[in-house]
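Undergrad: predicted model follows, preceded by the sequence.
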2 protein chains.
Amino acid sequence: MKALIFGADGFEDVELIYPYHRLQEKGITTHIASMKTGPIIGKHGYEINADIAFKDVNPADYNILVISGGKGPEKMRLDEDALAITRYFFKENKPVAAICHGPQVLVSAGVIKGRKVTCWLGIRDDIVAAGALYEDCEVVIDRNLVSSRSPDDLYAFGREMIKLLK
Amino acid sequence: MKALIFGADGFEDVELIYPYHRLQEKGITTHIASMKTGPIIGKHGYEINADIAFKDVNPADYNILVISGGKGPEKMRLDEDALAITRYFFKENKPVAAICHGPQVLVSAGVIKGRKVTCWLGIRDDIVAAGALYEDCEVVIDRNLVSSRSPDDLYAFGREMIKLLK
């Protein structure tokens, strides 16, 4: 089983690091994808290596997509390959977990109309404008999609992310 | 089931935040203990609330003790109540998980003579001087004690920490 995590400079550190280790705890090979390979640096200074560029990802190789938050999603959403990967996961009903600002990528990919989603409060109005059904809750589950609001929700986000794989 | 995590200012952020959420994922009530209650701040700027002071902890209330790393352990090890809690867990063979600089507390508590332990490389010689059997490995398991070296080992640390509870 393989997992793909989207990250970019300015990522909310624990929102990437928690799922990264949590998935590996389960023995799942986990790759970090970004605009290019090499080190990316979080808001709080943690550095982690991007294993693969969006343009080189074959989404069929992966069982789950995780979109970390922070300042990364405003960069990821400008990358057409990142959006194509995201659309693939929704089209195939494969598991997607997005936290905090992660749903900005879902907005740009055009995949959340009519879907129940939560997110960082500051982007709530954009999620609603994109046609999503916003809920203020630690974790929202809508079929293949799990979403959470902030680092404080990681315990619930991690729990439901793992459940999606069953 | 209840878990106790030792933390103090300068904690290695993800070494506290990962087990904190990981234990709560399992539905375990998790308290952070420090020299006093109130906010503590990590090396990378994450703030988290200490729920209980070491002096007010009844260690019999908890099923596992986790000792986070970073700069916190050099403060915790000076607190006699923190050391007494630690000794209680070893005397009762209850689960203890320590990461990075966390084993500094085990040295001061006098509990690691003859035990297999790993830790942050920079304190290896102190661990060995205290009589521990050092191993350079992502996670070392010695009966009730699980230890890891650094944030990079969290996936293995989390996995074995949870196994200790079974």
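TA: Perfect, I can see it now.
Undergrad: now the residue nearest to A:Arg143 when sequence neighbours are not counted: how far from B:Phe90?
TA: Counting by C-beta to C-beta, 6 or more residues apart in numbering or on different chains, A:Arg143 lies nearest to A:Asn93, which is 6.9 Å off, once chain neighbours are set aside. Quick note: C-beta positions are derived from backbone N, CA and C, even for glycine. A:Asn93 sits 49 Å away from B:Phe90, going by C-beta to C-beta, to the nearest Å.
Undergrad: over to A:Cys119?
TA: Counting by C-beta to C-beta, the gap from A:Cys119 to B:Phe90 is 44 Å.
Undergrad: equivalent analysis for A:Phe89, please.
TA: The value you get for A:Phe89 to B:Phe90, if C-beta to C-beta is used, is 47 Å.
Undergrad: neighbour count: those two, which is higher?
TA: Under the neighbour definition other C-beta atoms under 10 Å in any protein chain shown, A:Phe89 and B:Phe90 were set side by side, and A:Phe89 has more, 22 against 19.
Undergrad: what's the neighbour count on A:Asn63?
TA: 16.
Undergrad: so how many other residues sit close to the nearest residue to it once chain neighbours are set aside?
TA: Nearest residue to A:Asn63 in three dimensions, chain neighbours excluded: A:Met1, at 5.0 Å (C-beta to C-beta, 6+ apart). Look at A:Met1: counted by other C-beta under 10 Å, it has 12 neighbours.
Undergrad: now do the contacts for the residue most central in space within chain A.
TA: Centroid check for chain A by C-alpha atoms, centre = their mean gives A:Ile67 as the closest residue, at 1.1 Å. By C-beta atoms under 8 Å, 6 or more residues apart in numbering or on different chains, the contact list for A:Ile67 reads A:5-6, A:73, A:76, A:86, A:96-99, A:102-103, A:105-106.
Undergrad: hey, what's it bridged with?
TA: A:Ile67 has these beta-bridge partners by DSSP bridges: A:Phe6, A:Ala98.
Undergrad: got the residue ranges for the strands in chain A?
TA: In chain A, the strands defined using DSSP state E lie at A:2-6, A:29-34, A:38-41, A:47-50, A:52-53, A:64-67, A:96-99, A:116-117, A:133-134, A:140-142, A:145-148.
Undergrad: would TSV of those with mean pLDDT be doable?
TA: Putting the strands of chain A into TSV (pLDDT from 0 to 100) gives the following:
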stretch	mean pLDDT
strand A:2-6	98
strand A:29-34	98
strand A:38-41	98
strand A:47-50	98
strand A:52-53	98
strand A:64-67	98
strand A:96-99	98
strand A:116-117	98
strand A:133-134	98
strand A:140-142	98
strand A:145-148	98
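Undergrad: near chain B, which residues of chain A are found?
TA: Chain A comes close to chain B at residues A:13-14, A:17-18, A:20-22, A:24-25, A:44-46, A:151, A:154-156, A:158-159, as judged by C-beta under 8 Å from any C-beta of the partner chain.
Undergrad: how many other residues sit next to A:Ile52?
TA: 16.
Undergrad: make that A:Asn49, sorry
TA: 12.
Undergrad: and the gap between the closest residue to it other than its chain neighbours and A:Pro103?
TA: Spatial nearest neighbour of A:Asn49, excluding adjacent residues (C-beta to C-beta, 6+ apart): A:Pro39 at 5.7 Å. Going from A:Pro39 to A:Pro103 by C-beta to C-beta gives 25 Å.
Undergrad: these two: who's more crowded?
TA: A:Pro103 (31 against 10).
Undergrad: what does the pLDDT read for that one?
TA: A:Pro103 carries a pLDDT score of 98 in this model.
Undergrad: for A:Lys166, same thing?
TA: Listed pLDDT for A:Lys166 reads 82.
Undergrad: okay, helices next: where are they in chain A?
TA: Applying DSSP state H to chain A gives helices spanning A:13-25, A:73-76, A:80-91, A:103-109, A:124-129, A:154-164.
Undergrad: buried residues in the last one?
TA: This points to helix A:154-164. Residues A:Leu154, A:Tyr155, A:Ala156, A:Phe157, A:Gly158, A:Arg159, A:Glu160, A:Met161, A:Ile162, A:Leu164 are the ones in helix A:154-164 that count as buried (16 or more other C-beta atoms under 10 Å in any protein chain shown).
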